[in-house]
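**Student:** The following block contains a protein sequence and its predicted model.
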Amino acid sequence: MQPPTDLLDNPIEFGVYDIPIRLAASLEPQRASLHSTLLAAQRRLKDLALKHNWQAYVKDPFAQLFRVYADKVPFDHDLLEICGLQTTIELPKTYCAALEQGVLMSVSPELYRALYPAGDEESAFEKLLTHEMAHRLHIRILGGNEEAMGAVWFYEGFALYAAGQFEKTAPHLTATEIWDVVSAQERGDYRRYATVFQHFLGKASIQQLIDMAGKAEFVDWLREISV
C-alpha cells in the first residue's frame, strides 16, 4: 500500500504524519486523545531513529490508516482477514495490536489494559503503537528482508527496546535464564525478552546485533561476545 500523497507532502514534522484514524463509534469521544497518542508514538520512534542515525528509515510513514477497536472479536477478524488467514483462527487474548498492509490496528487503550495487565505502565498505549511501528522500522533497516529479523526473542526485544517498554519492570535474569530465552522454541514472556535484549546491548552495538540476528551463526556469535 502506497502512502497517500497528502501524508508524504504534508508531514506534521520530520518522521511524524497525520495518519487518518478510523474508530469504533463508541470510541469517538477519544478521537483527540488517540490522535495525540499516535503522534507521540511516531515521535518516540523518530527519536530512536535519530539516536542511531536511522533518519532515512523514518522519512516515510509506517502506516496509512490507524484503526481502533472497542471489542477484541472484530479486531481479530479484521487482522486475520488483512493477513489473508482464516478468520476462524483463535488469536491469543493478549494479541492487541498489529501493523499489516499499511494499516495500524489496535484495541482501545482500556481494552488493552484489561487484556494485558502486565503491560500496564506509564504511556503503555503509546508504547504499544510504537512497538508495532518499530517492527516495520526493523524491516526497513534490513532493506526489506523480513526473514533476517532473527528469532522471536530478538525482533520482539528490538521492538520493546524501541518503544521503551518494561524499562522499569523487566525482571532480572541469571545467565542460565538468559540463554534459556535465547534457545526457546516457543513464544515467551515479553518482559524477559526486554531483559535479554538489553543484556546483549551491553555486549555489542545495536547495529551489529541487527546485522547478525538473521544469520545461522548468531547464537554462537552471542556466546563469543559474552565471554
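**Tutor:** In hand now; what should we look at?
**Student:** CA atoms for contacts and neighbours, from now on please.
**Tutor:** Fine.
**Student:** What separation is there between the most centrally placed residue in the chain and His138?
**Tutor:** Nearest residue to the geometric centre of the chain (C-alpha atoms, centre = their mean): His131, 2.3 Å. According to C-alpha to C-alpha, to the nearest Å, His131 and His138 sit 11 Å apart.
**Student:** and Cys53, what element?
**Tutor:** Actually, residue 53 is Asn rather than Cys. Element membership for Asn53, per DSSP states H and E: none, as it lies in no helix or strand.
**Student:** scratch that, Leu173 is what I was asking about
**Tutor:** Per DSSP H and E, there is no helix or strand for Leu173.
**Student:** quick one: contacts for it?
**Tutor:** 192, 195 (C-alpha atoms under 8 Å, 6 or more residues apart in numbering).
**Student:** cool, and Leu142?
**Tutor:** Here Leu142 is in contact with 148-149, 210-211 (C-alpha under 8 Å, 6+ apart).
**Student:** out of those, who has the most neighbours?
**Tutor:** Ranked by neighbour count under the definition other C-alpha atoms under 10 Å, the contacts of Leu142 are headed by Met149 with 23 neighbours.
**Student:** wait, isn't that residue in contact with His138?
**Tutor:** Yes. With contacts counted by C-alpha atoms under 8 Å, Met149 reaches His138, the gap being 7.3 Å.
**Student:** Give me the common contacts of those two.
**Tutor:** Common neighbours of Met149 and His138 (C-alpha under 8 Å, 6+ apart) are Tyr155.
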